[in-house]
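>>> Compute the structure for the input listed below.
(2 chains)
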2 protein chains.
Amino acid sequence: MNDPLKKIKPAVRAISAYTLPPYRASIKINQNENPFDMPHEIKAEVARRLATRAWSRYPEFVPAKLLERLASFAGWKPEGALAGNGSNELIQAVLTVTVSQGTRVAIPQPTFTLYRQIVTVLGGEVIAVPLTDTFRFDVDAIRQAAKDADVVIICSPNNPTGCLIDEADVARIADDFDGILVIDEAYHEFSGRTVARLLDRLPNLIVLRTFSKAMAMAGLRVGYMLSSPEITREVHKATLPYNLNFHSATAAETACEMFDLLRPKIEMIISERERLAGLLSSISNVEVFQSAANFLLIRTPMQAQDLFEELHKQDILVRDVSKYPMLARCVRVSVGAPEENDRLAEALSNSVTSLKN
Amino acid sequence: MNDPLKKIKPAVRAISAYTLPPYRASIKINQNENPFDMPHEIKAEVARRLATRAWSRYPEFVPAKLLERLASFAGWKPEGALAGNGSNELIQAVLTVTVSQGTRVAIPQPTFTLYRQIVTVLGGEVIAVPLTDTFRFDVDAIRQAAKDADVVIICSPNNPTGCLIDEADVARIADDFDGILVIDEAYHEFSGRTVARLLDRLPNLIVLRTFSKAMAMAGLRVGYMLSSPEITREVHKATLPYNLNFHSATAAETACEMFDLLRPKIEMIISERERLAGLLSSISNVEVFQSAANFLLIRTPMQAQDLFEELHKQDILVRDVSKYPMLARCVRVSVGAPEENDRLAEALSNSVTSLKN
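Numbering: from 1, shown residues only, chains lettered A, B, ... in the order given. Have a look, this model is predicted:
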């Protein structure tokens, strides 16, 4: 028998299969999910809208009503909006239409790992731009790197550090850059900031958004993109026909229309973030970094894997991010419900207190 | 201002943006959807299973229960099963891991157009293998083309012609081929046939399936792939994390478990296909091609666009496939509910009778 893998590209075979160990815990603060779930009034309205829709029929070829809602929600035009099966699909589509062998993509590091993975699979080259020692964006270094780059991708607020880039700095980067500038605003609702106002004067700006965090819909997989109509048309070519199922599309539409019910939850997450940062900072040996997102990056003297295990024993699941560049001994914790945050502070205190050093 | 499209790949800019004219009609037989919708008992069971699931939480990283259900449903092993956001995503993933500049992909023509589009975007080269004059697979020509190919893709039953390839012929093609052999079985339930039994002895065989046709779930976007565990692991690398939302995954699981409720609808579609083929064949000037799927390819003396418009005036939406190779003056009609099929026969008779020639 021939080797069945003979025709698989070497670059693909070289990638180690992505697996996630099946850890479970009552307090799940490892994926930056919204701890409050979708308000039941919105769920009920979605169910009402779906009741008469046949499952057997394809979604609309262009989800016009959803794009109008998204555009209006974001203060932009529908012909500059695109919806995807999670923002992951849109990240992939943006890179598919821009990156081929030798394309240079400047990316601050550490950040969301998917950018680098996809750039690499497409044969592009990553220009890594380290954050500062205190994990802030190094805007001058980004501007410098942009000179040699075709695409710049900035996650702001940045996962997993929480740092934010100012609108004025984005404008400065854009002003002497003729490539594609992508700002991934997956966590923007927790920062109260957006660069979407720049879309009007920057036709090479792409803003990515998601319903997985503040919008409490990680399980339904909806992301969206805002850009000039020209860029949007090109990126659209790289998404698959019927990429968004009708249930998720309807849920996203409804969530935009009934956003007033989600807003108080987001405000609570923001205030809990500040309270949690205070609680954790007061624990000796715990360093907490300023965050504009719904998570905190913390550093302790412990090995991150050991801390992960200690917390897991106390029924708390966090994200070990110590394998990221610069993040030795760091873990990322999502902001949970108030009682979850209290439990985390207590458990972390227990773990760090039990240190031998 | 710089040209914002400067950094978009020329190959992408060359693709014309895919648009679908927004035609509507009461009888929608243009997308090979199941006319009977999902049985309400299955919808109710899905709703019951979803009631306690938080929308805000990500799907499982690997949908283990769904993969077990799919494997058991198809008579294969879970580690050789992969689920996607529609089979479109899996077609893309299979081609992403196999096709780069210069890869040769043999594809019978005419067939589902997505294969060629994706191969082209990835820089591969299509070796087109024409069907016979009566729109059957030319197995000898496929075997010949396979000698120069890295990948062979056969849609069986074939969209839009309805022809089927025998298991024995697939085995013959595979036996002297050391590349990847993909059989897209999107319509297999309507043929009562599958080549899945060959998986056990052909580790380079990939079988694609969908929930969009017989399974009455086009609106929910679920596809799956069956192959050797080795191939499955590689293709998995090209799917995005969390590609399948929890609602669609749960619906697919439930549909497999309660398939006995779907089976009678499928049987009715098969018998309606035969009845409709008889009705249409009896209309003078209408040629009907034998189909093992839930649609029929027909040819009349009219220009397909004119026939499309004539039928649309009679509130019936069909698919004009006359732009496909070999299919001048052809349209494709999905098998609908009995009364829809009667209406189609009547409308087609009206249209063809009104011919001037």
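>>> what's around A:Ala17, how many residues?
By the criterion of other CB atoms under 10 Å in any protein chain shown, A:Ala17 has 8 neighbours. For glycine as for every other residue, the C-beta is placed from the backbone atoms N, C-alpha and C.
>>> That one and B:Arg233 touch, don't they?
Yes - applying CB atoms under 8 Å, one finds A:Ala17 in contact with B:Arg233, separated by 5.4 Å.
>>> okay, and for the stretch 251-357 of chain A, where does confidence drop off?
Across the stretch 251-357 of chain A, residues meeting the criterion (pLDDT under 70) sit at A:354-357.
>>> And the residue of it closest to chain B?
Ranked by CB to the nearest CB, the top residue of the stretch 251-357 of chain A for proximity to chain B is A:Ala251, at 7.3 Å.
>>> Check the secondary structure at the closest residue to that residue other than its chain neighbours for me.
Using CB to CB, 6 or more residues apart in numbering or on different chains and skipping residues adjacent in sequence, the residue nearest A:Ala251 is A:Val46, 4.9 Å away. Here A:Val46 is recorded as helix under DSSP: H, G, I helix; E, B strand; the rest coil.
>>> List phi and psi for A:Leu226.
phi -120, psi 130 (degrees, to the nearest 10).
>>> Bridge partners for it, pull those for me.
Beta bridges link A:Leu226 to A:Ala81, A:Val207 when assigned by DSSP bridges.
>>> Find the nearest non-adjacent residue to A:Phe289, please.
Spatial nearest neighbour of A:Phe289, excluding adjacent residues (CB to CB, 6+ apart): A:Leu297 at 4.5 Å.
>>> partners of the helix or strand that contains that neighbour, with directions?
Using DSSP states H and E, A:Leu297 sits in strand A:295-299. Strand A:295-299 pairs in its sheet with strand A:287-288 (antiparallel), strand A:330-334 (antiparallel), by DSSP bridges.
>>> Pull out the CA atoms of the helix or strand harbouring A:Ile266 and give them to me as CSV.
Counting by DSSP H and E, the element that carries A:Ile266 is helix A:259-281. Below are the C-alpha coordinates for helix A:259-281, written out as CSV (Å, rounded to 0.1, in the frame of the first residue of the first chain):
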residue,chain,number,x,y,z
PHE,A,259,-28.1,45.5,23.1
ASP,A,260,-29.5,47.6,26.0
LEU,A,261,-30.0,44.3,27.8
LEU,A,262,-26.4,43.3,27.3
ARG,A,263,-24.8,46.6,28.2
PRO,A,264,-25.3,46.3,32.0
LYS,A,265,-23.5,42.9,32.0
ILE,A,266,-20.6,44.4,30.1
GLU,A,267,-20.4,47.3,32.6
MET,A,268,-20.4,44.9,35.4
ILE,A,269,-17.6,42.9,33.8
ILE,A,270,-15.6,46.2,33.5
SER,A,271,-16.1,47.1,37.1
GLU,A,272,-15.4,43.5,38.2
ARG,A,273,-12.1,43.7,36.2
GLU,A,274,-11.0,46.7,38.2
ARG,A,275,-12.1,45.1,41.5
LEU,A,276,-10.4,41.8,40.6
ALA,A,277,-7.2,43.6,39.6
GLY,A,278,-7.2,45.3,43.0
LEU,A,279,-7.8,42.0,44.8
LEU,A,280,-5.0,40.2,43.0
SER,A,281,-2.6,43.1,43.2
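>>> tell me the angle that helix makes with strand A:330-334.
140 degrees (axes from the mean of the first three to the mean of the last three CA atoms, to 10 degrees).
>>> helices or strands next to helix A:259-281 in the packing?
Here helix A:259-281 touches helix A:40-50, strand A:287-288, strand A:295-299, helix A:338-353, going by 3 or more CB pairs under 8 Å, 6 or more residues apart in numbering or on different chains; DSSP states H and E.
>>> Columns distance to B:Ser334 on top of these, output as JSON lines?
Output for these, formatted as JSON lines (distance: least, CB to CB, whole Å):
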{"stretch": "helix A:40-50", "distance to B:Ser334": "23"}
{"stretch": "strand A:287-288", "distance to B:Ser334": "59"}
{"stretch": "strand A:295-299", "distance to B:Ser334": "48"}
{"stretch": "helix A:338-353", "distance to B:Ser334": "51"}
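>>> Looking at these, spot the one closest to A:Ser191.
Closest to A:Ser191 of the helices and strands packed on helix A:259-281, according to CB to CB: strand A:295-299, at 12.1 Å.
>>> can you state the direction angle for the closest one and helix A:338-353?
Using the same axes, to 10 degrees: strand A:295-299 against helix A:338-353 is 10 degrees.
>>> Quick one, grab the pLDDT at the residue nearest to A:Ala251.
With respect to pLDDT, A:Val46 scores 95.
>>> Provide a list of residues in contact with it.
With contacts defined as CB atoms under 8 Å, 6 or more residues apart in numbering or on different chains, the neighbours of A:Val46 are A:His247, A:Thr250, A:Ala251, A:Thr254.
>>> of those residues, closest to B:Met326?
Looking across the contacts of A:Val46 and measuring by CB to CB, the closest to B:Met326 is A:His247, at 38.2 Å.
>>> Which residues does whichever helix or strand that closest one is part of contact?
Assigned by DSSP H and E, A:His247 falls within helix A:246-257. Helix A:246-257 has contacts (CB under 8 Å, 6+ apart) with A:38, A:42, A:45-46, A:49-50, A:53, A:59, A:63, A:65-66, A:69-70, A:72-73, A:83, A:85, A:211, A:215-217, A:220-222, A:224, A:262, B:55, B:219-220, B:245, B:247-248.
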